[in-house]
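[1] Predicted model follows, preceded by the sequence.
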Amino acid sequence: PPYSAARSDCYKGQLGPWLGAGAADPLLPMPRLIDVVADGPVDVAALRLRLTSAAPGATLDDHAVWLADLRSFAGAIRLAALGVVVLIGAAAVMTVVFAVRTGLAIHRPVVELLHLMGATDRYVSRQFERHVVGRSLRGGGIGLLLAGGTLYGLHRASQGLRASLLPDLALQPWQWGGLLLVPAGLALLALVTARWTVLRTLESMP
């Protein structure tokens, strides 16, 4: 029989997060559900025993169990993403160190000539810093464009999905601002790494 308005609202509230707006459709076959909301802690095991004794064919769905598993999985993904960021940062630092040392080795005669002309180590370091920062900003800008395009594409694709459990993939203004700061952070990291590498290498040169 068709559901009453009250029953349709009840099913919509219970199954709306899983089925979306279609949960209130009177033609959708539904099992009999009892939604239990408690203000304090509930002994789920005792409640399950009471439920099965009163209705042998009934089942108890404890949302806290799968929500805890989902939170643990999300935390593991967050840690994995953080590890990837750390690895990318370490790779960027090693790339800058290798590039700067290679450049110093190639241009060693020029550096020695600059020293004879009175150039300080800080002056030589600035030349390499300018080059490294320029390349970092260029690469970071390209990566920012690719990341922005990917996020925009995911947002457009998710708009056609009718899954209420999926989060909104649209970034907030402060999140876009944080994304814009990534190339600047990369350039700052490259600057510090280049300066440290050049000054340490110049100190060891005769």
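    Okay, I see it. Numbers count the residues shown, from 1 in each chain.

[2] As a check, name the ranges of all helices in the chain.
    All helices of the chain, identified by DSSP state H, fall at 5-19, 44-54, 63-106, 108-116, 121-158, 173-204.

[3] So which residues lie in contact with the fourth one, not counting its own?
    This points to helix 108-116. Here helix 108-116 makes contact (CB atoms under 8 Å, 6 or more residues apart in numbering) with 104, 123, 124, 202, 205. Just so you know, the C-beta spots here come from the backbone N, C-alpha and C atoms, and that holds for glycine as well.

[4] Tell me if I'm right that residue 186 and residue 92 touch.
    Yes. If you go by CB atoms under 8 Å, residue 186 and residue 92 touch, sitting 6.7 Å apart.

[5] Looking at those two, which is more packed in?
    residue 186 (21 against 17; other CB atoms under 10 Å).

[6] From residue 64, how far out is residue 41?
    For residue 41, the distance to residue 64 equals 10 Å [CB to CB, to the nearest Å].

[7] So for those two, which sits in the more crowded spot?
    More neighbours surround residue 64 than the other of residue 41 and residue 64, with 9 against 6 (other CB under 10 Å).

[8] so what's that one up against?
    For residue 64, the contact set (CB under 8 Å, 6+ apart) comprises residue 44.

[9] OK, contacts around residue 51?
    Counting by CB under 8 Å, 6+ apart, residue 51 touches 58, 60.

[10] which intervals of the chain have sub-threshold pLDDT?
    1-26, 28-36, 160-169, 206 (pLDDT under 70).

[11] Spatially central residue for it, please.
    residue 81 (6.3 Å; CA atoms, centre = their mean).

[12] hmm, who's touching stretch 138-154?
    With CB under 8 Å, 6+ apart as the criterion, stretch 138-154 contacts 169, 171, 179, 180, 182, 183, 184, 186, 187.

[13] Export it to PDB, keeping only CA atoms.
    Extracted in PDB, the C-alpha atoms of stretch 138-154 (Å, rounded to 0.1, in the frame of the first residue of the first chain):
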ATOM      1  CA  ARG A 138      57.600  28.200 -13.400                       C
ATOM      2  CA  GLY A 139      57.200  24.600 -12.500                       C
ATOM      3  CA  GLY A 140      54.900  25.400  -9.600                       C
ATOM      4  CA  GLY A 141      52.700  27.500 -11.800                       C
ATOM      5  CA  ILE A 142      52.300  24.700 -14.300                       C
ATOM      6  CA  GLY A 143      51.500  22.300 -11.500                       C
ATOM      7  CA  LEU A 144      49.000  24.700 -10.100                       C
ATOM      8  CA  LEU A 145      47.200  25.000 -13.400                       C
ATOM      9  CA  LEU A 146      47.100  21.200 -13.800                       C
ATOM     10  CA  ALA A 147      45.900  20.800 -10.200                       C
ATOM     11  CA  GLY A 148      43.200  23.500 -10.600                       C
ATOM     12  CA  GLY A 149      42.000  21.900 -13.900                       C
ATOM     13  CA  THR A 150      41.800  18.400 -12.200                       C
ATOM     14  CA  LEU A 151      39.900  19.700  -9.200                       C
ATOM     15  CA  TYR A 152      37.500  21.600 -11.500                       C
ATOM     16  CA  GLY A 153      36.900  18.500 -13.600                       C
ATOM     17  CA  LEU A 154      36.200  16.400 -10.500                       C
END
